[in-house]
Each structure stands twice: as C-alpha cells, then as structure tokens.
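Asks: after the sequence you'll find the predicted model.
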Amino acid sequence: MITAIVLVKTAVDSVHDVAQAIAELPAVTEVYSVTGEFDLVALVRVRHHEELADVIPGGLNKIHGVQSTETHMAFRTYSRHDLEAAFSLGLDNS
C-alpha cells in the first residue's frame, strides 16, 4: 500500500466544504483540518503509484476551493499500535 500525505491550502471561507469534498474521494482515508501554513492534511492510500495521478492532480487538485497542494510520499509507517503488536506475545495482561 502506498501512502501519500497531501498538504492543502484552501480559500478561508471554504475549508469545511473542501475537506468534505476531499474526504469523498475513494482513495482518501482521512482529512484533518490543521493550523499553520496549510489548512488541511489528507491521507491518500493506493496500491500503485500510477493511481496517485488520478487521485491528486486528477481529483483533489480539481476541487473548487483548493488553492495549492504539496504531496509527501511515506516510506515507512510507525505507530504505537504497530509497535505494541510487534512486541506482543499474545499473553493476556490481566
């Protein structure tokens, strides 16, 4: 699975509508409103790199209110859940 993190700048008065439209795209798993230079962060997950062209420039960037995007490709995923599962022996901790 390929994960792209897309940082999105929107028009100030359309953050909510843009976030909703992005969230409806099939390959988008999560959309966050954030503080800072960008207004939204979208997580895009696809099976093949070629699919990113359909989702980001072909879909996300065409949503009315999206002013600009910056895309970052994830190399590896780290999460507390994954780390706990990796070190678990399956024993009941109770």
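Replies: Nice, I can see it. Numbers count the residues shown, from 1 in each chain.
Asks: how about the strands of the chain, start to end?
Replies: 2-10, 28-33, 40-46, 66-73 (DSSP state E).
Asks: and those as JSON lines, adding mean pLDDT and mean neighbour count?
Replies: Quick note: C-beta positions are derived from backbone N, CA and C, even for glycine. Shown next, in JSON lines, are the strands of the chain (pLDDT from 0 to 100; neighbours: other Cβ atoms under 10 Å):
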{"stretch": "strand 2-10", "mean pLDDT": "97", "mean neighbour count": "19"}
{"stretch": "strand 28-33", "mean pLDDT": "97", "mean neighbour count": "15"}
{"stretch": "strand 40-46", "mean pLDDT": "97", "mean neighbour count": "20"}
{"stretch": "strand 66-73", "mean pLDDT": "97", "mean neighbour count": "14"}
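Asks: now these in a markdown table, with distance to residue 60?
Replies: Listed next are those as a markdown table, based on distance: least, Cβ to Cβ, whole Å:
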| stretch | distance to residue 60 |
| --- | --- |
| strand 2-10 | 6 |
| strand 28-33 | 7 |
| strand 40-46 | 7 |
| strand 66-73 | 7 |
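Asks: ok, the residue nearest in space to the middle of the chain to residue 13 distance?
Replies: Closest residue to the average C-alpha location of the chain: residue 43 at 0.9 Å, with Cα atoms, centre = their mean. Taking Cβ to Cβ, to the nearest Å as the measure, residue 43 falls 24 Å from residue 13.
Asks: and if you look at residue 3?
Replies: 30 Å.
Asks: thought residue 68 was touching residue 10?
Replies: No. The pair residue 68 / residue 10 is not scored as a contact, 9.1 Å apart, by Cβ atoms under 8 Å.
Asks: so what pLDDT did residue 12 get?
Replies: We have a pLDDT of 88 for residue 12.
Asks: what do you get for residue 18?
Replies: 98.
Asks: could you do the one 3 residues further on as well?
Replies: pLDDT, residue 21: 98.
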